[in-house]
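Enquirer: Fold the following for me, if possible:
(one chain, ligands or ions: 1)
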Amino acid sequence: MTEARPTERERWDARYASEAPDAERAPEPRVTEALSRLVPAPRSAFDLAAGSGRHSLWLAARGVRVEAWDLSPVGLGLLAQRAAARGLEVGTRVLDLSQELPEVPPRDLVLVVDYLDPALHGRLHALLAPGGVALVCTFTDDLPGPHPSRRFRLRRGELRSLPRLTTERLEEREGRALLLARRGTEP
Ligand SMILES: C[S@@+](CC[C@H](N)C(=O)[O-])C[C@H]1O[C@@H](n2cnc3c(N)ncnc32)[C@H](O)[C@@H]1O
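Expert: Sure thing, here's the model as predicted:
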């Protein structure tokens, strides 16, 4: 009898279950650099596919009200543990981003780091308040090594814009693309 392949959620849960609470990865420097320059500074954010929340924690430490969404309850559990240890508040929600998204009040910032689902890009607009910003930063196919697999990499030049948002910054270097795009100020 062949064993069933683990689901995506089981794979990520297993990965986060083996991550020591004190072995937190640093946030991606190009992401924090771009976030630091945002004018006006965001007061609220969604961190999508947040995992164990290295960027959510960075934002919360700077006074941003963050809600982290991810498929993995184990990853979000780690995030909650790390937030509590620092006296920070970060909301968490277990959900599958490939399914319909919940109706939520929009926020000033939507962050998507190291996660690729092109269908999600068309739905970021709806999560943003007027004038809000989406920041997407993920792997490109010139990142050395086998991980992540091709399915989770952008081709060079593939990410140019996000539907219904105006591109403000676009860069591709050292195996990652970063795109920052803003929603218009009309409601
Ligand atoms: C490479 S990790 C990136 C985590 C985080 N953004 C960071 O930069 O550290 C990818 C994350 O995507 C999440 N994920 C994968 N498929 C998902 C889905 N369909 N819906 C929500 N989250 C998903 C995984 O659980 C994992 O936490």
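
Enquirer: Counting by contacts, list what the lengthiest helix in the chain packs against.
Expert: If you go by DSSP state H, the chain has its longest helix at helix 73-85. When contacts are defined as 3 or more C-beta pairs under 8 Å, 6 or more residues apart in numbering; DSSP states H and E, helix 73-85 packs onto helix 8-17, helix 54-60, strand 65-70, strand 90-94. (Glycine included, C-beta is placed from N, CA and C.)

Enquirer: got the contact list for that helix?
Expert: For helix 73-85, contacts defined as C-beta atoms under 8 Å, 6 or more residues apart in numbering pick out 12-13, 15-17, 19, 21, 24, 50-53, 56-57, 60, 68, 70, 89-90, 92-94.

Enquirer: For the residue of the chain found nearest the ligand, give me its contacts.
Expert: Relative to the ligand, the nearest point of the chain is Gly51 (2.9 Å; C-beta to the nearest ligand atom). Counting by C-beta under 8 Å, 6+ apart, Gly51 touches Trp12, Tyr16, Asp70, Ser72, Gly75, Leu79, Asp114.

Enquirer: Enumerate every residue touching the first one.
Expert: It stands for Trp12. Counted by C-beta under 8 Å, 6+ apart, Trp12 has contacts Gly51, Asp70, Leu71, Ser72, Val74, Gly75.

Enquirer: what does Val31 give?
Expert: Listed by C-beta under 8 Å, 6+ apart, the contact partners of Val31 are His55, Leu111, Val113, Leu135, Cys137, Leu178.

Enquirer: just checking, which of those belong to strands?
Expert: Among the contacts of Val31, the members falling in strands (DSSP state E) are Leu111, Val113, Leu135, Cys137, Leu178.

Enquirer: My guess is the fourth one contacts Glu174. True?
Expert: No - look at Cys137 against Glu174 with C-beta atoms under 8 Å: they stay out of range, at 11.5 Å.

Enquirer: of these two, who's got more company?
Expert: Neighbours were counted for Cys137 and for Glu174 using other C-beta atoms under 10 Å; Cys137 has more, 21 against 10.

Enquirer: follow-up on the earlier one: ok, which of the helices and strands packed on helix 73-85 comes nearest Arg151?
Expert: helix 8-17 (11.3 Å; C-beta to C-beta).
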